[in-house]
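**Q** Just a sequence and a predicted model for now, questions to come.
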Amino acid sequence: MSLQTTNFFRALFLAYLSLFVYGLNDNIRGPLFPEILKEFSVSDTKGALFFAFSSAMGFLGGYLGRLTIEKAGSRRSLQLGTLVLMLGMGLIALASQFWVLLLSSMVLGVSFGFLGVVQNFLVI
């Protein structure tokens, strides 16, 4: 096996592994929604901001992902995106007020958009 083929499979493995982590984090949020509503005593409408803010910030994350790939390369970008994903989930876990939860959701959304671009770039 040539070095180029080995690097290809390594990049492909990293992309799919990060896609698994991304999907796991994204799917954890849904079942937690009733708990979030109860914990912060908010309506369904206000609670939906938790998802809306992260989705809106995905646009910014996608743009930043492209810029980061150009400057730092795909592997470093993947590491950075995963680090921001961990930061976002950690902040969500530690949120004691609803507005902190929303800001944490925005960090998570940036990482979702960021990782979406980087993962696709690695596969291509």
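**A** Right, received. Where do you want to start?
**Q** where does the protein dip in pLDDT?
**A** Applying pLDDT under 70 to the chain flags residues 1, 3.
**Q** Try it again at 90.
**A** 1-19, 21-23, 25-26, 28-30, 32, 74-75, 119-124 (pLDDT under 90).
**Q** ok, longest helix in it?
**A** Longest helix in the chain, counting residues (DSSP state H): helix 3-40.
**Q** Which positions within that one qualify as buried?
**A** A11, L14, A15, S18, L19, Y22, N25, R29, I36, L37, F40 (16 or more other CB atoms under 10 Å). In this view, the C-beta of every residue, glycine as well, is placed from N, C-alpha and C.
**Q** residues touching the third one, list them.
**A** Counting by CB atoms under 8 Å, 6 or more residues apart in numbering, A15 makes contact with L78, Q119, L122, V123.
**Q** Including distance to T68, neighbour count and secondary structure, could these go into a markdown table?
**A** Converted to a markdown table, the contacts of A15 look like this (distance: CB to CB, whole Å; neighbours: other CB atoms under 10 Å; DSSP: H, G, I helix; E, B strand; the rest coil):
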| residue | distance to T68 | neighbour count | secondary structure |
| --- | --- | --- | --- |
| L78 | 10 | 25 | helix |
| Q119 | 13 | 22 | helix |
| L122 | 13 | 22 | helix |
| V123 | 17 | 12 | helix |
